[in-house]
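S.K.: got a sequence here, can you build the structure:
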Amino acid sequence: MKTTTQIEAAKEMMTDVFSRIGKQYGYENVSADFVAFKQFKVQWQRSYNWIAFRISDYMLDAPENIMEDLAESIFAKIAGKQGLYSDGMRGWVLDEDFSIRKRPTFIRRGRYLSDDPQGEHKNLNDAIDRLVAKGLLKKDHNIRAVWNRDTRSDMAATYSVLMRTIMVTSALDEPDAPDDVIDYVIYHQYLRIQEGARTFGTEEEPKTRLDDTRFEGYREAERALDMLCLAL
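M.R.: Alright, predicted model coming up:
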């Protein structure tokens, strides 16, 4: 938990960085503030020579060189250039330590997310352990699966690349829900996290058709999801 003094110091550094780089792009009046977004994102409003940024507070502890990389990429994007993240910026937010530090906040901000992998009937850590035993997840996967209690969506699960978190619908937290189906849902989302991390901040679009076929019984799992009216 950052102190008020630390937050103010981080904000001052960020504003200085964005102001300095903004002047190179013709902006005389630049402001920046941290915002407690659930997801990692940056928003801005601008006019002729002023611009105001709202930066995810997941960047609160970013060192100055990483903040410079972020500012440069955003201003380049606004100017109609590529605006790709630098290797330094990508490395910082994709590092395992980033997800470990930020994930508790991400889960806490998810209104319907449960921090306990144990549901009423199923334990998501058991599913991850089974995938590791089958060689489908690495032992050092740094993946966290949590229950999503919001069942209004027909999605079996969603995921966050930077937080390396898979959010599984609690509609699968039933005694008669096959373990293979839950395992497959997590594996499917794990592949997308891997692909999303590979292409994050680059021009390359993530592939949407990945090798789910490595999961033995994937066709049966997909049919079971169809019967439950759940999509991936």
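S.K.: okay, now residue 223: neighbour count?
M.R.: Counted with other C-beta atoms under 10 Å, residues neighbouring residue 223 total 11. (Glycine included, C-beta is placed from N, CA and C.)
S.K.: cool, and residue 139?
M.R.: The tally of other residues near residue 139 (other C-beta under 10 Å) stands at 7.
S.K.: the one 5 residues further on too?
M.R.: Under the neighbour criterion other C-beta under 10 Å, residue 144 is assigned a count of 22.
S.K.: what's across from the residue nearest in space to the middle of the chain in the sheet?
M.R.: Residue closest to the average C-alpha location in the chain (C-alpha atoms, centre = their mean): residue 160, at 3.1 Å. With DSSP bridges as the criterion, residue 160 is bridged to residue 165.
S.K.: I'd like the distance between it and residue 59.
M.R.: Per C-beta to C-beta, to the nearest Å, residue 160 is found 16 Å from residue 59.
S.K.: go on, residue 78?
M.R.: Remark: distance between residue 78 and residue 59 (C-beta to C-beta) = 18 Å.
S.K.: what about these two, which has more around it?
M.R.: residue 59 (19 against 15).
S.K.: and the pLDDT at the more buried one?
M.R.: Per-residue pLDDT puts residue 59 at 97.
S.K.: just the helices from this structure, written as ranges.
M.R.: Taking DSSP state H as the criterion, the chain contains helices spanning 4-24, 64-78, 87-94, 96-109, 124-133, 179-199, 218-227.
S.K.: and of these, who's closest to residue 209?
M.R.: The closest of these to residue 209 is helix 179-199. By C-beta to C-beta, the value is 10.1 Å.
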